[in-house]
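**Student:** here you go, sequence then predicted model.
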Amino acid sequence: MRDATSSNNSCIATLFESLQNPEKACAVMSQQAGEHFSWHGPKPFKSCSSVKEWYSTFWLPFLNAFPQVSRDTHMLFGGISQGKADNTTDGKEWVGATGYYEGVFSNSWLGFEPTHKVVKLRWGEFFHFEDNKIVEMYTLIDIIDFLQQINRNPLPPSHGADFIYPSPTGVRGILLSESEPSETDKSMRLIREFLFEGLNNFDKEDLTSMGVADFFHDNVNWYGPGGIGGCLSLKEFQNYHQQYWLIAFPDRKVQDLDSLFAQGDFVGSSGWAGVTSQHTGDYLSAKATGNQINFNGMDFWLRRDDKFVENWVFVDMIDLFDQFGIDLLQQAREGESQ
């Protein structure tokens, strides 16, 4: 008999193959969803409380904008969540996946006119299972990266590098069978120490106070969201992302996460308001507001031995700037790319 994680992973892999057909997507998703299904997506989309609402609000307009879109899945794995700050196991079954959509931007989307050119849209999704049914679904699409591709970027040039992020290096990221439990345990211990003991120990002055070098390899590849960019070493990560982030959000704190799970060498996490901070310093084009900020995000990590060597990161930048009082989508509609 297959374990729950393998069964859930296979369910999502099969689901992905069916969702591209707009005539069948709603029915297929309804078959896999639980009675009390909910979907949470990137701003400006509102949360949905049924499959039909998800389909009409998000998925059908997306398929209409990119009618021949294909999905390339780089990672797909699952596990039992242990995302509580107090180290208790909530027992929830999750599957996380990420990769790229590729398609021709053929019809309007988010208020932007089509370019009739190929775009690659980075996506991340998390699925919460109960009794073999999907009861929660979280989706993030890197909208800033999309805007960069259609020459409507509302943000300054990224400090990091902008490029198409790769799938995991040297290993297959789609896990449809059981993984070695001891390796899963290693990954979970490392990520919990990193998030709840490392990152939460910033002394507001010295980046080394978090001990990130104890968790990230010197040559870590950190793949950040559009507007931040990618970093190809620990030094770049600190210089091109972390120092700017912590100037703006020095009291940033990781709280209880919606999901935090491992399978073998892979770790996934998602949190709507899983990280909070006061916005006390300038960030990108936004002046400090003093506002209390909640971050909606997703992470995927690959561990090798006792450190993480790759980290794929999603942050809902549209939602983040909305909390600063800045409508990035409206700015993008009104002006040329910066």
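**Tutor:** Sure thing, it's come through. Numbers count the residues shown, from 1 in each chain.
**Student:** am I right that Ser106 sits in a strand?
**Tutor:** No. Checked against DSSP: H, G, I helix; E, B strand; the rest coil, Ser106 lies outside a strand; its state is coil.
**Student:** so that it lines up with my notes, have the first residue be 3 from now on.
**Tutor:** Okay, residue one is now 3; in that scheme the one you just asked about reads as Ser108.
**Student:** just checking, it touches Pro116?
**Tutor:** Yes. In terms of CB atoms under 8 Å, Ser108 counts as a neighbour of Pro116; the distance is 5.3 Å. Every C-beta, even on glycine, is put in place using the N, C-alpha and C of the backbone.
**Student:** now the common contact residues for those two.
**Tutor:** Ala67 (CB atoms under 8 Å, 6 or more residues apart in numbering).
**Student:** can I assume Arg73 is in contact with Ser20?
**Tutor:** No. In this structure Arg73 lies outside contact range of Ser20 using CB under 8 Å: 10.8 Å.
**Student:** against which helices or strands is the helix or strand Tyr103 falls within packed?
**Tutor:** Following DSSP states H and E, one finds Tyr103 within strand 95-106. Judged by 3 or more CB pairs under 8 Å, 6 or more residues apart in numbering; DSSP states H and E, strand 95-106 is in contact with helix 6-20, strand 72-82, strand 120-132, strand 261-265, strand 268-280, strand 294-306.
**Student:** quick one, domains of the chain?
**Tutor:** Annotated domains of the chain cover 6-151, 183-336 [automatic domain parsing].
**Student:** what about the first one, start to end distance?
**Tutor:** Spelled out, it's domain 6-151. End-to-end distance of domain 6-151: 39 Å, with CA to CA, to the nearest Å as the criterion.
**Student:** could you do stretch 86-103 as well?
**Tutor:** 32 Å.
**Student:** show me where pLDDT drops low in this protein?
**Tutor:** The chain contains residues with pLDDT under 70 at 3-4, 338-340.
**Student:** so which residues of it form strands?
**Tutor:** Applying DSSP state E to the chain gives strands spanning 35-42, 72-82, 95-106, 120-132, 135-143, 218-225, 232-233, 255-256, 261-265, 268-280, 294-306, 309-317.
**Student:** what lines up beside the fifth one in the sheet?
**Tutor:** The partner list of strand 135-143 in its sheet, established with DSSP bridges, is strand 35-42 (parallel), strand 120-132 (antiparallel).
**Student:** which residues sit against it?
**Tutor:** So strand 135-143 is contacted by 13, 34-44, 56, 60, 103, 123-131, 260, 272, 274, 298-300, 316, 318 (CB under 8 Å, 6+ apart).
**Student:** mind giving me the PyMOL command for buried ones among those residues?
**Tutor:** The following PyMOL line selects those of the contacts of strand 135-143 that are buried, judged by 16 or more other CB atoms under 10 Å:
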select buried, resi 13+34+35+36+39+40+41+42+43+44+56+60+103+123+124+125+126+127+128+129+130+131+260+272+274+298+299+300+316+318
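**Student:** ranges for the helices of the stretch 153-302 of the chain?
**Tutor:** Ranges of helices in the stretch 153-302 of the chain, per DSSP state H, counting those that start in this stretch, are 183-194, 236-238, 245-250.
**Student:** distance to Pro156 added to these, as CSV?
**Tutor:** Shown next, in CSV, are the helices of the stretch 153-302 of the chain (distance: least, CB to CB, whole Å):
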stretch, distance to Pro156
helix 183-194, 33
helix 236-238, 24
helix 245-250, 17
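**Student:** let me have the ones you listed in CSV, extended by distance to Tyr167 and mean neighbour count.
**Tutor:** CSV is the format used below for the helices of the stretch 153-302 of the chain (distance: least, CB to CB, whole Å; neighbours: other CB atoms under 10 Å):
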stretch, distance to Tyr167, mean neighbour count
helix 183-194, 20, 17
helix 236-238, 14, 17
helix 245-250, 19, 17
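**Student:** quick one: which of those is nearest Leu209?
**Tutor:** helix 245-250 (6.5 Å; CB to CB).
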